[in-house]
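Engineer: Here's a sequence, model it:
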Amino acid sequence: MATIYEVAELAKVSLATVSRVINGNVKVSPKTLDKVKAAMDELGYRPNSIAQSLASNRTNRVGVLVSELSGPFFSNMLSIVEQELRAAGKHAIIAAGHSDEKSEKAGIEFLLSCRCDALILHVDCVSDEYLLELHRQDIPFSIINHRIEALSDRCFTVDNEMGGYLAAKAVLAAGHRKIAYISGPSFKEDAQLRLAGHKRALAEYNIEFNEALHCTGNYQEEGGKEALHTIYQQNSDFTAVVCANDEMAVGAMFSARELGFSLPETLSIAGFDDLIFARYTYPTLATVHNPISDMGSMAAKWILREVYNNSSSEELINVFRPEFVTRRSLNLLS
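Structural biologist: Residues are numbered from 1 along each chain as shown. Got it, this is the predicted structure:
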């Protein structure tokens, strides 16, 4: 196996120069960089990751914590985060928090025990004080889908309240007045904000929010199926259903057909997230576009800039504005 000494000899540079190339030091000229890389390729030299981390005080590992590892929502985000990090020569280590405070803290501790240089966090249950304490301990991290004012530069979110408002406004503009709502888990901040936006749109049309037309789901397909059955048993008089995410909307579509509705002729359904399958449901799903991949990209770029000093002229966007995507599941009432 080739050594760093052989690389330096073949490239006719110092050991320190080879070390700078291995550790990504920007002070190496392009000509020297090419010489060293050519020597490494010719000799088949592979840098020792342990030696690299000792020399640079970096492991080139970034820990990523998400609520779940299943489903298209988080897979899209993780794919983009991994691509951004890998393109910069960093590697992602992934853990799940399962929307539970104890599990989220355990996941964060695990990632730190892996000597991650930084963390990208999508959390539901840990307190702001816990995250601020991590900051006080000089642990670098960025946050997706949650905003802490004191750490706003590293928080990347969509305006969930506006998204909830836009979904309801579109349904109202289509002529619907008897609107059911399937919300996400009440302890989740994004679910609370989407419901608040929904209520704001109803208020603009002087429509009182009807609890008999409301059911709390779990952001999963099964939750949407069960929620629509529950609402139907409480009050069968509605012409539209707004769901707090697309997975529940698909479940609601399934239950609607079981209950004898024709989509969208006798029942319109809208979602939130604009996941890939929303374009392929029957009918295609009207929904709020949630730029989760863009948020993941920004969170990764913040880490690369602040922790690894990667220079980029791209401006980081901290708050994204949602957009409603009209598709065939939303029927215009005559």
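
Engineer: mind listing the strands for this protein?
Structural biologist: Counting by DSSP state E, one finds strands in the chain at the ranges 61-66, 91-96, 118-121, 141-144, 155-158, 179-183, 214-216, 240-243, 268-273, 286-289, 319-320, 323-325.

Engineer: ok, residues contacting stretch 8-28?
Structural biologist: 4-5, 7, 32-33, 35-39, 42-43, 47, 52, 55-56, 58, 89, 308-309 (Cβ atoms under 8 Å, 6 or more residues apart in numbering). Yep, even glycine has a C-beta here, placed from its N, CA and C like the rest.

Engineer: Generate a PyMOL selection restricted to the buried entries among those residues.
Structural biologist: Selection command for PyMOL covering only the buried members of the contacts of stretch 8-28, criterion 16 or more other Cβ atoms under 10 Å:
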select buried, resi 4+7+32+35+36+39+43+47+52+56+58+308
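
Engineer: quick one: which of the strands of the chain is nearest Y232?
Structural biologist: strand 179-183 (8.5 Å; Cβ to Cβ).

Engineer: Could you tell me the angle between that closest one and strand 268-273?
Structural biologist: Put simply, strand 179-183 runs at 30 degrees to strand 268-273, going by axes from the mean of the first three to the mean of the last three Cα atoms, to 10 degrees.

Engineer: by contact count, what packs against strand 179-183?
Structural biologist: helix 160-173, helix 189-204, strand 214-216, helix 221-234, strand 240-243, helix 246-258 (3 or more Cβ pairs under 8 Å, 6 or more residues apart in numbering; DSSP states H and E).

Engineer: which stretch among these comes nearest N145?
Structural biologist: Per Cβ to Cβ, nearest to N145 of the helices and strands packed on strand 179-183: helix 189-204, 6.1 Å.

Engineer: The closest one to strand 179-183, inter-axis angle?
Structural biologist: Using the same axes, to 10 degrees: helix 189-204 against strand 179-183 is 160 degrees.

Engineer: just how off-centre is helix 189-204 within its chain?
Structural biologist: Centre-to-centre, helix 189-204 and its host chain are 21 Å apart (Cα atoms, centre = their mean, to the nearest Å).

Engineer: what do you get for stretch 278-294?
Structural biologist: That offset, for stretch 278-294, works out to 15 Å (Cα atoms, centre = their mean).

Engineer: follow-up on the earlier one: tell me which of the helices and strands packed on strand 179-183 sits nearest to I93.
Structural biologist: Nearest of those (Cβ to Cβ): helix 189-204, 25.0 Å.

Engineer: Would you confirm that T239 contacts A174?
Structural biologist: No - contact between T239 and A174 fails when scored by Cβ atoms under 8 Å: they sit 9.5 Å apart.

Engineer: quick one: low-confidence parts of the stretch 201-334 of the chain?
Structural biologist: For the stretch 201-334 of the chain, the stretches with pLDDT under 70 are 313, 334.
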